[in-house]
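Participant: Here is my input, please return the structure:
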Amino acid sequence: MPGKPVFDHSFSANPWVWAITFKRVPEVPAGLKARPIIFSGPMVRALLDGRKTQTRRVVKFQTTDCLREIVTRAGYYALLDENIGLAWHPFGNSPLQKCPQEIIGKFCPFGKPGDFLWLRETFAVYSPNGPEFGIGYREHHPTGNLDDGDGGYNFRAYADDERERSKQRSWVRAHCNLERWISPIHMPRWASRLTLQISDVRVQRVQDISEEDARAEGVTDMWPTICQTHKYNCIQIWDSIHVKRSRKAVA
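Facilitator: Down below sits the predicted model:
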């Protein structure tokens, strides 16, 4: 059987992306759910500094010729069209139309406006004796050494609920290691320190990013060049992530 197609997600390939705008909130209101999302260390810093209010994630259902593929989300059907982006047939055999803004979020795996996200980042845990456990976040330790940096450990009390407290203790004891960082993919919900609320979701080509959008992505002038614009820096960061992933997929 043929394997999954490998897509070029570099900036020059101009893939379709979810352009998500959000704001930081203290916590998720009781009774509501949140989805996880991973951010790299520099982007975590941008969030903490208040510089990051947007993120772009590759749309997963692109085809090899970047034309279209039927997808289903929550009972809706849509097409990824070369010319108009996310499109749909709202009334069965009606002409193909651009998907309205209020429907786009229903297809986004990260949610729609009003939904919540909780942040996953590289971290470590420490399990002293007593009612608390410690969490260290990689972004606060520039050298990678847990003993260095401005963050140290943040100590938190275990959950009040006995069953949840038992789960937390078991997880912390199993992963306690003063010399090893834990990948963000393994971060449990209760270890997260940042919560976001989505305010807007768009589907666009990655090259459609504007200078204002690039600034909202939280990038800084980290790439010295005569073309020091936020958009230029955003391109470098995008390719440093996605070109490497494409090469790994081909290897």
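
Participant: where are the low-confidence patches of the stretch 51-200 of the chain?
Facilitator: Residue ranges of the stretch 51-200 of the chain with pLDDT under 70: 61-76, 90-94, 128-129, 147-152, 178.

Participant: if you set the cut-off to 80 instead, what comes out?
Facilitator: Low-confidence regions of the stretch 51-200 of the chain, defined by pLDDT under 80, span residues 61-79, 81-84, 88-96, 127-130, 142-154, 177-179.

Participant: the helices in it, which residues?
Facilitator: Using DSSP state H, counting those that start in this stretch, the helices of the stretch 51-200 of the chain run over 101-107, 162-175.

Participant: What is the burial count for Asn154?
Facilitator: Each residue near Asn154 was counted by other CB atoms under 10 Å, and the total is 16. All C-beta atoms are positioned from the backbone trio N, CA, C, and that covers glycine.

Participant: Now do the contacts for the nearest residue to Leu119 once chain neighbours are set aside.
Facilitator: On the basis of CB to CB, 6 or more residues apart in numbering, the spatially nearest residue to Leu119 that is not a chain neighbour turns out to be Leu194, at 3.9 Å. Residues in contact with Leu194, defined by CB atoms under 8 Å, 6 or more residues apart in numbering, are 24, 44, 47-48, 118-119, 121.

Participant: ranges for the strands of the protein?
Facilitator: Defined through DSSP state E, the strands belonging to the chain, from first to last, are 16-25, 34-38, 54-58, 71-73, 76-81, 85-88, 97-98, 116-120, 123-126, 132-137, 154-157, 195-205.

Participant: Distance to Arg163 for these - can I get that in TSV?
Facilitator: Formatted as TSV, the strands of the chain follow (distance: least, CB to CB, whole Å):
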stretch	distance to Arg163
strand 16-25	27
strand 34-38	21
strand 54-58	34
strand 71-73	33
strand 76-81	37
strand 85-88	42
strand 97-98	48
strand 116-120	21
strand 123-126	20
strand 132-137	17
strand 154-157	16
strand 195-205	23
